[in-house]
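S.K.: need coordinates for the below:
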Amino acid sequence: MRFLHIADLHLGKNLLELPLYDEQAKMLETLTDMAVANKADAVLIAGDIYQRSAPQAEAMEMLSAFLSGLAGRGIRLFMISGNHDNAQRISYLAGLVRQSGVYISESFDGKTQKISLPDEYGEIDIHLLPFVRVSAVKLKYPGEKISTCTEAVQCVLKHSDIDYARRNVLISHQFITGSELSGSEEKTIGTLAGGESKTYDVDYKVTTDNVSDGEVINTAVVSYTQDGKAKMSKDSAKAKTGMSTDGVYIYKTCTNLPPANGLFFVPGETVTFDIEVINPTTDKTFKNLKIYEWMYSKTKAYKTLAQLKPGKSVTYTYSTKVTKYQGKTGKLVNIVSVSYTDPKTKKKVTQFNSCKVPCGLEGEDGVVVTKTVISTPDNGSYYQEGEEIRYLIEIKNNTVKDILTMDIRDSLADLDLNGYRTIQAGETLKAGETYEIHFSYFVTADDVANTKVTNLASAYWSVEK
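M.R.: Modelled structure (predicted):
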């Protein structure tokens, strides 16, 4: 059986203030031609049909024409809702359009929806799983241990009607492990027998921050299960960085990494930096050098030097104690600037270098919630009634303790069965890690009258004793 697999159409999306209706309509025509030319038995659409959960009429008309065109050519279509879609709106009339060979995922009921298709080899089972959150699966199966998206999908599959002796295709739109590795993800290598080893390569491009830090520190962490116990091993390697320059070069590094708790420096803890100012040239002498430690003073030189000859350098050590503010913000940034007279132009030149180290708090203040609007109004200036505002909520565990269970609430969410506005429940968050979740809200007439939307996100958690 031959499939054309597509996803993330995002019909109705604007580029800045310009609608993309013509371009997206052409895209759908091209997909239809591809399906016909390649004699596809079915087209699979794996979520995010629309850009907004309340799509524009033009976007809905485009989808309707696309589905009708495929059905008219005898090509079956299987479609699920994604995290951008409203599952109820996507599944509207799903039972009716099945008669035309268009199969749309219905509202999540705890299981996949199975459709069996015949071919020359027998039957193949297509399973539709619309985008679901961990909290939705927990409500269906309160007795199951579920803390991640992967575990939620595994739970759904366990309770679904799946015959693994048959051929199965699962259409889903989820955050799950087992896909090809990207730069922001962890690598899973499976089982490792005694005496066995596995290797892999990682390429990394040096950034301007790495050049400023004077080095790249790469830490590999391997988590695994042995004898029924969860364990972890890690190792780090350093590589020096620099840049070609006609002036001085500032090399700076923190000498007491890693912190005592293995994660970050806490208020009152001392952070020590080694600084080296180098003249890498072979024919220039720089005069009237003034070195400024910004944590000491931005206007009063920490060190002065009459001249720095070619190939020579000056080194020193600077220490400072972490403040509560730095623990709260999660970082300490130490900036060094060097001013000197260029021998060729006779003008004053100033160069900078910064070094950033992780900081945190060990008490309740160490759990920080931030919220960011990640959508753009259709007109580029303000949201109108019915438009979707999309938020990114981040919960940073800047403590040394794991969060065992965490509920995330939003002041604009609907009330749950317990009377709270919970958008995610029962999550875990390890020390030093960050949890991200998206939330959408549709502007009402009252919001327009008030000329603003005020939104509050909160996290409630418990930690190990």
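S.K.: switch to C-alpha atoms for all contacts and neighbour counts from now on
M.R.: OK.
S.K.: mind showing which ranges of this structure have poor pLDDT?
M.R.: Scanning the chain for pLDDT under 70 picks out the ranges 16-17, 176-202, 208-209, 211-214, 228, 230, 242-246, 362-366, 464-465.
S.K.: residue farthest from the centroid of it?
M.R.: Ala306 (49.2 Å; CA atoms, centre = their mean).
S.K.: am I right that that one falls within a strand?
M.R.: Yes: Ala306: assigned to a strand according to DSSP: H, G, I helix; E, B strand; the rest coil.
S.K.: got the contact list for it?
M.R.: Applying CA atoms under 8 Å, 6 or more residues apart in numbering to Ala306 gives the contacts Lys287, Asn288, Leu289.
S.K.: give the contact list for the last one.
M.R.: Listed by CA under 8 Å, 6+ apart, the contact partners of Leu289 are Thr304, Leu305, Ala306, Gln307, Leu308, Val338, Ser339, Tyr340, Thr341.
S.K.: how far away is it from Ile278?
M.R.: To Ile278, Leu289 is 11 Å away according to CA to CA, to the nearest Å.
S.K.: now the first one
M.R.: Lys287 sits 13 Å away from Ile278 when distances are taken as CA to CA.
S.K.: and if you look at Ile80?
M.R.: According to CA to CA, Ile80 and Ile278 sit 60 Å apart.
S.K.: now Leu44
M.R.: Leu44 is 60 Å from Ile278, by CA to CA.
S.K.: what do you get for Ile403?
M.R.: Distance, Ile403 to Ile278, using CA to CA: 46 Å.
S.K.: what strand or helix carries the closest residue to Lys238 other than its chain neighbours?
M.R.: Among residues not flanking Lys238 along the chain, Ile217 sits closest, at 4.6 Å (CA to CA, 6 or more residues apart in numbering). Here Ile217, judged by DSSP states H and E, is contained in strand 215-226.
S.K.: so in that sheet, which strands flank the helix or strand just after that strand, and in what orientation?
M.R.: Going down the chain from strand 215-226, the next helix or strand is strand 229-240, by DSSP H and E. Strand 229-240 pairs in its sheet with strand 215-226 (antiparallel), by DSSP bridges.
S.K.: contact partners of the strand it pairs with?
M.R.: 206, 210, 230-242, 253.
S.K.: how about a cut-off of 6 Å?
M.R.: 210, 230-241 (CA atoms under 6 Å, 6 or more residues apart in numbering).
S.K.: so which residues of the stretch 201-350 of the chain form helices?
M.R.: Using DSSP state H, counting those that start in this stretch, the helices found in the stretch 201-350 of the chain span residues 208-213, 324-329.
S.K.: quick one: the closest residue to Thr272 other than its chain neighbours from Phe273, how far?
M.R.: Excluding the flanking residues, the one nearest Thr272 by CA to CA, 6+ apart is Ser319, at 4.3 Å. For Ser319, the distance to Phe273 (CA to CA) stands at 6 Å.
S.K.: which of these two has more neighbours?
M.R.: Phe273 (17 against 14; other CA atoms under 10 Å).
S.K.: what bridges to the more buried one?
M.R.: Residues in a beta bridge with Phe273, per DSSP bridges, are Cys254, Tyr318.
S.K.: could you do Tyr441 as well?
M.R.: So, taking DSSP bridges as the rule, Tyr441 has Ile389 as bridge partners.
S.K.: burial count for it?
M.R.: So Tyr441, with other CA under 10 Å, has 16 neighbours.
S.K.: would you check that it makes contact with Ile389?
M.R.: Yes: taking contacts as CA atoms under 6 Å, Tyr441 lies within contact range of Ile389: 5.2 Å.
S.K.: what sits in contact with each of those two?
M.R.: With CA under 6 Å, 6+ apart, Tyr441 and Ile389 have no common neighbours.
S.K.: quick one on the thing from earlier: in strands, which of the contacts of Ala306 appear?
M.R.: Here DSSP state E is the test, and the contacts of Ala306 give Lys287, Asn288, Leu289 as lying in strands.
S.K.: which strand residues bridge the last one?
M.R.: Per DSSP bridges, the residues bridged to Leu289 are Leu305.
S.K.: from Phe439, how far off is it?
M.R.: In terms of CA to CA, Leu289 sits 52 Å off from Phe439.
S.K.: just the second one next, same as before
M.R.: Look at Asn288 and Phe439: by CA to CA, they are 56 Å apart.
S.K.: ditto for Glu144
M.R.: 25 Å.
S.K.: more neighbours, these two?
M.R.: Phe439 (17 against 13).
S.K.: quick one: contacts for the more buried one?
M.R.: Counted by CA under 6 Å, 6+ apart, Phe439 has contacts Arg390, Tyr391.
S.K.: how is Ala59 assigned, secondary-structure-wise?
M.R.: Applying three-state DSSP: Ala59 is helix.
S.K.: my read: it touches Lys13, true?
M.R.: No: judged on CA under 6 Å, Ala59 makes no contact with Lys13 at a distance of 8.8 Å.
S.K.: so Thr422 bridges to which residues?
M.R.: On the basis of DSSP bridges, Thr422 is bridged to Arg409.
S.K.: what does the one 5 residues further on give?
M.R.: Here Glu427 shows beta-bridge partners Met406, assigned using DSSP bridges.
S.K.: determine the number of other residues adjacent to it.
M.R.: By other CA under 10 Å, 18 other residues sit near Glu427.
S.K.: what distance do you get for it to Lys114?
M.R.: Distance from Glu427 to Lys114, by CA to CA: 30 Å.
S.K.: contacting residues for Ser233?
M.R.: By CA under 6 Å, 6+ apart, the residues touching Ser233 are Val221, Val222.
S.K.: ok, what's across the strand from it?
M.R.: Beta-bridge partners, per DSSP bridges, of Ser233: Val222.
S.K.: more neighbours: which of Ile80 and Ile278?
M.R.: Set Ile80 next to Ile278 and count neighbours by other CA under 10 Å: Ile80 wins out with 27 against 19.
S.K.: three-state assignment of Asp33?
M.R.: helix.
S.K.: next one: it relative to His10, how far apart?
M.R.: 20 Å.
S.K.: those two: which is more packed in?
M.R.: His10 (19 against 13).
S.K.: how far away is Asp22 from Lys13?
M.R.: 11 Å.
S.K.: and those two? Which one has more around it.
M.R.: Shown here are Asp22 and Lys13; by other CA under 10 Å, Lys13 has more neighbours (20 against 9).
S.K.: what sits against the closest residue to the more buried one other than its chain neighbours?
M.R.: In this structure, Lys13 finds its nearest non-sequential neighbour in Gln51, 5.3 Å apart by CA to CA, 6+ apart. Applying CA under 6 Å, 6+ apart, we find Gln51 in contact with His10, Leu11, Gly12, Lys13.
S.K.: and of those, the nearest to Arg166?
M.R.: His10 (33.1 Å; CA to CA).
S.K.: what's the spacing between that closest one and Ala42?
M.R.: 20 Å.
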